[in-house]
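**Q** Requesting a structural model of the entry that follows:
(one chain, ligands or ions: 4)
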Amino acid sequence: MRTNLSINSRRLWDSLMETAKFGGTERGGIRRLALSDEDQKVRDWFKAQCEALGCTVRVDEVGNMFAMRPGRNNDLPPIAMGSHLDTQPTGGKFDGILGVLGGLEVMRTLHEQDYETNAPIEIVNWTNEEGSRFPPAMMASGVFAGAFPAEYIYQQTDRDGVTFLEELERIGYRGPMKAGDHTFSAMFELHIEQGPILENEQKMIGVVTGVQGMRWYEVTVKGVDAHTGATPMYLRKNALVGAARMIEAVDAIGQKHQPGVATVGLIENKPNSRNVVPGEVFFTIDMRHPDEGALDVMEAELRAALEAGLPPLQLSYEEKRIWSSPAVKFAPELIDCVRHAASKSRFAMRDMVSGAGHDAAYIARVAPTTMIFVPCEGGLSHNEAESTSMDECAAGAQVLLDAVLAYDEI
Ligand code: HGY
Ligand code: MN
Ligand code: MN
Ligand code: MN
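**A** Ligands and ions are numbered 1, 2, ... in the order given. Model (predicted):
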């Protein structure tokens with residue numbers, strides 16, 4: 001019964017700009033950390049918008065939100081359109097929320113056209129995709145997919161020692177639904193690419209075939225606090241010098257194993273005083289590669305560098321891998337729906353593997369899943385200058401609509 005439904009690009013853009021006020025910064029970015037007051041406000045806004053369309057909105061035990069529109073055959077699990085509303089501390093207006101509001105635009109279009117789908121259709125907001133405030137990333141879609149129990153993420157703390165559970169309850173989004181008590185016929189995630197490929201090749205749509213593997217580590221380097229004036233250089237155990245050498249070593253591993261990447265993003269220097277030789281440094285490592293074997297080699301080289309580089313400086317260290325998300329391939333039948341949808345609108349497209357992690361990487365474990373990318377300016381993301389255009393957002397939402405309807409007809 002598919003007809004040529006068209007999304008409303010101005011309405012989608014206006015919602016993207018309206019929601020940018022939740023956590024908007026004076027530099028035009030967004031700071032909407034998971035489970036913060038700003039996250040609560042955008043969640044409340046999203047819930048009201050979905051209920052105004054007649055959707056039922058449910059919340060599970062880790063705050064994932066599910067807004068469902070019934071279809072002809074409600075015995076079928078819903079076809080989902082999911083992404084996330086939380087952002088990095090210096091995030092942008094599109095990372096995550098484009099996928100949620102793209103889903104809302106699809107719902108609005110179906111509603112105003114009074115179009116009845118075969119299966120129910122559902123929009124999902126996955127809690128804490130970023131993993132910036134509470135590690136690891138994609139944790140709530142991970143609970144939904146059975147990667148870890150809710151109890152594990154409840155006790156995760158931010159750098160101030162506040163637990164995930166305290167914040168989830170404080171904002172009123174600890175729902176009654178067990179995370180495993182729900183499933184989908186399929187899930188599509190619309191997202192900006194967060195890299196430069198589509199823009200460089202002037203392609204409008206990324207047909208995402210999978211997500212590269214990711215591993216997160218935490219390292220604590222231990223030396224001795226000492227006086228910067230009275231302590232001779234040869235007597236120092238300077239943890240910051242050791243950490244600096246390791247940061248160089250991590251970068252060298254990334255350079256050597258391209259297209260893999262390796263990054264130290266978070267560092268805490270103690271006691272962080274001008275006239276104290278630092279006695280302890282904590283830092284994080286993010287390593288990724290499309291091939292798991294290559295990640296194993298990178299991990300071995302990381303551990304060898306720590307062992308070779310720190311003890312000679314009279315420094316001890318602790319290192320642990322706190323999380324990994326293996327490389328994942330998406331469902332061919334959904335990828336075909338995306339290709340069909342993009343060609344229907346005559347959008348230039350290209351296949352690609354996602355460099356960034358996404359909730360879709362976990363959901364692919366429990367339901368047929370795929371992603372749709374649109375370009376972002378300069379390939380920039382996780383940066384307050386993150387930008388894309390109304391046309392590119394509209395193209396993504398139109399492909400999302402047509403891919404969902406194509407799958408609904410299978
Ligand atoms: O880290 C990631 O790739 C995702 O943006 N959280
Ligand atoms: Mn994202
Ligand atoms: Mn992100
Ligand atoms: Mn994502």
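
**Q** In the stretch 101-250 of the chain, what residue lies closest to ligand 1?
**A** Closest contact between the stretch 101-250 of the chain and ligand 1, by Cβ to the nearest ligand atom, is at Ala137 (4.1 Å). In this view, the C-beta of every residue, glycine as well, is placed from N, C-alpha and C.

**Q** Dihedrals phi and psi, that residue?
**A** Main-chain dihedrals, Ala137, degrees, to the nearest 10: phi -70, psi 160.

**Q** Run through the residues that contact the residue lying closest to it once chain neighbours are set aside.
**A** Excluding its sequence neighbours, the residue lying closest to Ala137 (Cβ to Cβ, 6 or more residues apart in numbering) is Gly131, at 2.9 Å. By Cβ atoms under 8 Å, 6 or more residues apart in numbering, the contact set of Gly131 is Ala137, Met138, Met139, Trp216, Trp323.

**Q** okay, now the closest residue to ligand 4 within the stretch 151-300 of the chain: neighbour count?
**A** Closest approach between the stretch 151-300 of the chain and ligand 4, counting by Cβ to the ion: His191, at 5.4 Å. As a burial measure, His191 scores 29 neighbours (other Cβ atoms under 10 Å).

**Q** tell me the SS of the nearest residue to it once chain neighbours are set aside?
**A** Of all residues not flanking His191 in the chain, Gly99 sits nearest, at 5.2 Å (Cβ to Cβ, 6+ apart). Following DSSP: H, G, I helix; E, B strand; the rest coil, Gly99 is assigned to helix.

**Q** near ligand 1 at all, the host helix or strand of Ala262?
**A** Taking DSSP states H and E as the criterion, Ala262 maps to strand 261-263. No: if you take Cβ under 6 Å from any ligand atom as the test, strand 261-263 misses ligand 1, and the best it gets is 9.9 Å.

**Q** How about stretch 203-212?
**A** No: contact of stretch 203-212 with ligand 1 (Cβ under 6 Å from any ligand atom) is absent, the minimum separation being 8.6 Å.

**Q** Tell me who's in contact with the residue of the stretch 101-250 of the chain closest to ligand 1.
**A** Residues in contact with Ala137, defined by Cβ under 8 Å, 6+ apart, are Asn128, Glu129, Glu130, Gly131, Met214, Trp216, Trp323, Ser325, Gly357.

**Q** Pull up the residues of this protein that are close to ligand 4.
**A** Counting by Cβ under 5 Å from the ion, the positions of the chain adjacent to ligand 4 are Glu129, His358.

**Q** Which secondary structure state does the residue of the chain positioned farthest from its centre sit in?
**A** Counting by Cα atoms, centre = their mean, the extreme residue of the chain relative to its mean C-alpha position is Ala230, 47.4 Å from that point. Following three-state DSSP, Ala230 is assigned to coil.

**Q** That one and Val276, how far apart?
**A** Here Ala230 is placed at a distance of 11 Å from Val276 (Cβ to Cβ, to the nearest Å).

**Q** What of Thr263?
**A** Distance of Thr263 to Val276, computed by Cβ to Cβ: 28 Å.

**Q** swap in Gln40?
**A** Distance, Gln40 to Val276, by Cβ to Cβ: 39 Å.

**Q** For Leu101, give me its contacts.
**A** Contact analysis of Leu101 by Cβ under 8 Å, 6+ apart lists Leu12, Ser15, Leu16, Thr19.

**Q** Look up which helix or strand the third one falls in, please.
**A** Going back to what we said before, that points to Leu16. Assigned by DSSP H and E, Leu16 belongs to helix 9-19.

**Q** Going toward the C-terminus from that helix, what's the next helix or strand?
**A** helix 37-52.

**Q** Does the closest residue to Ser325 other than its chain neighbours belong to a helix, a strand or coil?
**A** Excluding the flanking residues, the one nearest Ser325 by Cβ to Cβ, 6+ apart is Met214, at 4.6 Å. Classification of Met214 using three-state DSSP returns strand.

**Q** about what we covered before: considering the contacts of Ala137, which is situated nearest to ligand 2?
**A** For these, the nearest to ligand 2 is Glu129 (5.5 Å; Cβ to the ion).
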